[in-house]
Each structure stands twice: as structure tokens, then as C-alpha cells.
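Asker: Okay, here's the prediction I keep looking at, along with the sequence it came from:
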Amino acid sequence: MDSNITCKNLPNLVSSFIDTFVDFTVAGIFLPDSPSLPFSQTTCPSPERLVALGDLHGDLDKSKQAFRLAGLIDSEDCWSGGSSTVVQIGDVLDKGGQELKILYLLEKLKRQAVKAGGNVITIHGNHEFMNMDGNFWSTHPSGLDEFRHWAKWFRIGNDIKCLCDGLEKPKDIYDGIPLCFKGVKQEYVEGFRARIAALRPTGPIATRFLSKNLTAVVVGESLFVHGGMFPEHAAYGLERLNNDVRDWIFGLSDKVSSDLYKTRDSIVWLRNFGEKVVEDCDCSKLEHVLERIPGAKRMIIGHTIQKGGINGACDNKAIRIDVGMSKGCINGLPEVLEISKNSGLRILTSNQMNRQKRQDLGIHDVHGPSEVAVEA
């Protein structure tokens, strides 16, 4: 009886072993057995501690620094945030060459956080949509190389699976992808093809990792979206929006409305609330958005780099958290936003912010020079 069960399960055990081997070869990570939440809710209750991280753009070292700044990972890069909820605002992809390693790190932390009673929520940025749409104009050459390396080992794994009776023969990941591209140098073609194969809708990386992203989420009193939101986006419905994008990634629908992710006024491209001059932000539209979303008192966004660090606009109803930390951006010092029931809103930073910024935005030091608060 036990022997029959072992034989019956052997193909799946072989497949799991191969996948684990490929994962470790690509990212140097063994993913925990405990699964992460497959798809976060569009609306989440207010946690005791909420941490928001800005754009990461392929910089693994800066990503880890940001997590450590908030006490979310330990020296072994494992979850140490307890019951904290984390929202990463999007743009993991492009501008750097460690995008896959960050995706794997986030997946590991999602699984570990759930086991500890916490949660890690990831959001789509414009660069996730660009890559799923086959637009690589902002991709760094090292990013092409990382995906080329992934494709090599992923295909080796599939070839081994094809030798095992009882396993479904995997489809070639390059199926339907051209052998050359106009304007792409020959040295980059292999990485270009690998990136398309991985990130297009139904692609292995898109379905495994990006399908778990939300495009907009409300956690407690905070609306999170990468670029910004207009009243018409709120009227479309956050749950409908998230489901539409997820269905597109899984190949259940042919496309997503370009008004939601492709145009200048789409929610991942908007810059109306990230303007350098605070007075130029579209506060009136923001008020209408918040009125349409029950419980939301502020919108937290990334996308537009804030060279002076995390700051607020529209009476702190718009909090801008993209500090350009990636070396592919402006190599900014990592900063994260913390929202807790006891302390309100705080900016955690590795460097004391300049005094003028604090005076202009009503930000003051608390608990030493490395933590400053945004008055709600």
C-alpha cells in the first residue's frame, strides 16, 4: 500500500525537486514550503503596524536595506517583522539587474510573513505592466542577462521533466517568440527572448509572481496605488480593476483597458500627485477619489522620485514614497513609511532629513535622528 503511494507520487516529487533546484540556481533561495496568500484582498483591515516601501528597480542590496530599516528582515534575510503588514508600491522591474532575485525574496518573505501572522502585499507599477506588454525600453542589459540565465536553467528543468514518465510534457517557453527583433543587438537577443517568455501573460514568472500583485489596495485608512488615482478609476471599482489585471496575466482575457495602465492618465503612470512643487498637485481630484472609497483618508503613491525623501502633499492626504533608492535611479538613501495605531505616521530613514524639509512639511524628529514623523 505504502509502496504504491510512493510510486504514484514519485513524478510530482521529481518535479518539485527540479523546481527547487532551478529556484536555487537562479536566485540562491530555497522557498519555504508554506505558501503565501495567492491573491490579497482589495480591502484589508488596519494592522497594528503597516510599512510601505517605494520603488525598488532591480537593486537587491537597497531592497534589503529598506526591509532592514523597518526591522522586517534579519541578518539572514528572513522575515522578522512579526504581525506587520508591508506594502511594496511596485516597480520591482527595470533599471537594475537583480529583478528576479527581488521577486524571489519578496515571495520568500510573503510565505514567512503569513506563517508569523504578518502579510506582504505587492503592487503593480508601470514597469511591471510595460514588461508584461513586451516593452523593455527601460531594461538594463544586466536585467536581460539575469533572465537569460533563468531561461537556461528553466528549460534544463523542463527537459529533465520530459524524461520522467507520469509528468505532463512542458510547453516550450519560447513558443511563438521570434528569433530576432528589429533594432535589438544580437548579443541581447537571447535575453530579450527570455524576458518575453518569462513576463508575458501566461509566462512562468508572470503567473508565479506578478499574478499575486494588486493594482490598487486599501489597507486600513490608506489607499495604495503606484502612480495615482482619478475619480473615474475609483468609479471603475478597485476589486474589478484587480480582477481584470489578474485575469489578463493568467490568459483568461485578451487585454486590459489601456486607460487603466497604458495612458498618461492611467493609475500606474499618473504624476498629478507627485509634482515637485506641492502646490501643483491636483488636490481637488484627490478629495473626490477619497470620497468614493469607503474608509480611505490618504493615498500613498510611488512612481515619481522625491529627491528630498518621503513627503506629503494636499495636507498629507497624498504621501509620496518613491525616493529613487535604486542605483539605476538616483541611488537615494532608503526610506520607508511606517503607520502604526500608537504612533501614527513616521518616516524611517538612515539619514537625518534636512531641517528645511521638516519645517516646510510639518515633519519633526521622534525617538532620535533616524526617525521622523509626518503629522496626520
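Answerer: Looks like it came in fine. A quick note: this is a predicted structure, and the numbers were derived from the prediction, not measured.

Asker: Now stretch 27-45: average pLDDT?
Answerer: Average pLDDT, stretch 27-45: 81.

Asker: buried set for that stretch?
Answerer: 27, 31-32, 36, 40, 42-44 (16 or more other Cβ atoms under 10 Å). Backbone N, C-alpha and C define where each C-beta goes, glycine included.

Asker: Likewise for stretch 237-252?
Answerer: 238, 241-246, 248-249.

Asker: same check, this time on stretch 225-236
Answerer: So stretch 225-236, judged by 16+ other Cβ under 10 Å, has buried residues 225-231, 233-234, 236.

Asker: now do stretch 253-266
Answerer: Buried, per 16+ other Cβ under 10 Å, within stretch 253-266: 256, 260-262, 266.

Asker: which among these gets closest to Leu53?
Answerer: Nearest to Leu53, judged by Cβ to Cβ, of the buried residues of stretch 253-266 is Tyr261 at 20.9 Å.

Asker: For Lys341, see how far away the closest one is.
Answerer: According to Cβ to Cβ, to the nearest Å, Tyr261 and Lys341 sit 33 Å apart.

Asker: on that earlier part again, how about the buried residues of stretch 225-236, which pair is most distant?
Answerer: Longest span within the buried residues of stretch 225-236, Cβ to Cβ: His226 and Pro231, 17.5 Å.

Asker: Among the buried residues of stretch 27-45, name the ones in helices.
Answerer: Ala27 (DSSP state H).

Asker: Strands - which of the buried residues of stretch 27-45 land there?
Answerer: 43-44 (DSSP state E).

Asker: could the buried residues of stretch 27-45 go into CSV alongside distance to Leu60?
Answerer: Below are those laid out as CSV (distance: Cβ to Cβ, whole Å):
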residue, distance to Leu60
Ala27, 10
Leu31, 16
Pro32, 19
Ser36, 19
Ser40, 23
Thr42, 29
Thr43, 31
Cys44, 27
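
Asker: and the two most separated of the buried residues of stretch 27-45?
Answerer: With Cβ to Cβ as the measure, no two of the buried residues of stretch 27-45 lie farther apart than Ala27 and Thr43, at 31.7 Å.

Asker: What residues of the helix or strand hosting Trp153 count as buried?
Answerer: Here Trp153, judged by DSSP states H and E, is contained in helix 141-162. Neighbour-count burial for helix 141-162 flags 143-148, 150-151, 153-155, 157-158, 160-161 (criterion: 16+ other Cβ under 10 Å).

Asker: Please enumerate the helices of the stretch 151-300 of the chain.
Answerer: Remark: helices assigned in the stretch 151-300 of the chain by DSSP state H, counting those that start in this stretch are 186-199, 204-208, 231-236, 238-249, 258-261, 283-292.

Asker: can you tell me which of those the model trusts least?
Answerer: Looking at those, the bottom one is helix 258-261 with a mean of 81.

Asker: and it, what other elements does it pack with?
Answerer: For helix 258-261, the elements it packs on are helix 238-249, judged by 3 or more Cβ pairs under 8 Å, 6 or more residues apart in numbering; DSSP states H and E.

Asker: neighbouring contacts of the helix it packs on?
Answerer: Here helix 238-249 makes contact (Cβ atoms under 8 Å, 6 or more residues apart in numbering) with 39, 42-43, 124, 132, 201-202, 206-207, 210-211, 213-218, 233, 253-257, 260-261, 267, 293.

Asker: what's near enough to touch the nearest residue to Cys180 once chain neighbours are set aside?
Answerer: Distances taken as Cβ to Cβ, 6 or more residues apart in numbering place Val189 nearest to Cys180, at 6.0 Å, with adjacent residues excluded. By Cβ under 8 Å, 6+ apart, the residues touching Val189 are 179-181.

Asker: got it, and Phe181?
Answerer: Here Phe181 is in contact with 189, 192 (criterion: Cβ under 8 Å, 6+ apart).

Asker: How about Leu60: what's its closest non-neighbour residue?
Answerer: Nearest to Leu60 is Gln98, by Cβ to Cβ, 6+ apart, at 3.9 Å.

Asker: The one you found contacts Gly58, correct?
Answerer: Yes. Applying Cβ atoms under 8 Å, one finds Gln98 in contact with Gly58, separated by 5.3 Å.

Asker: Settle it for me: which of those two has more neighbours?
Answerer: A count of neighbours by other Cβ atoms under 10 Å puts Gly58 above the other of Gln98 and Gly58, at 29 against 24.

Asker: from the buried residues of stretch 27-45, which single one is nearest Ala66?
Answerer: Scanning the buried residues of stretch 27-45 for proximity to Ala66, where the rule is Cβ to Cβ, the winner is Ala27, at 18.4 Å.

Asker: what about that closest one, distance to Ala216?
Answerer: 28 Å.

Asker: repeat for Gly183
Answerer: Distance of Gly183 to Ala216, computed by Cβ to Cβ: 34 Å.

Asker: Gly176 too?
Answerer: Applying Cβ to Cβ to Gly176 and Ala216 gives a distance of 31 Å.

Asker: Between the two, point out the one with more neighbours.
Answerer: A direct count of neighbours by other Cβ under 10 Å for Gly176 and Ala216 places Ala216 higher, at 26 against 8.

Asker: doesn't Gly227 make contact with the more buried one?
Answerer: No. The criterion here is Cβ under 8 Å, and Ala216 misses it with Gly227 at 10.4 Å.

Asker: Give me the common contacts of the two.
Answerer: Going by Cβ under 8 Å, 6+ apart, residues that sit against Ala216 and also against Gly227 are Ile267.

Asker: hang on, the earlier thing: ok, now how distant is the residue nearest to Leu60 from Ala197?
Answerer: Taking Cβ to Cβ, one finds Gln98 at 19 Å from Ala197.
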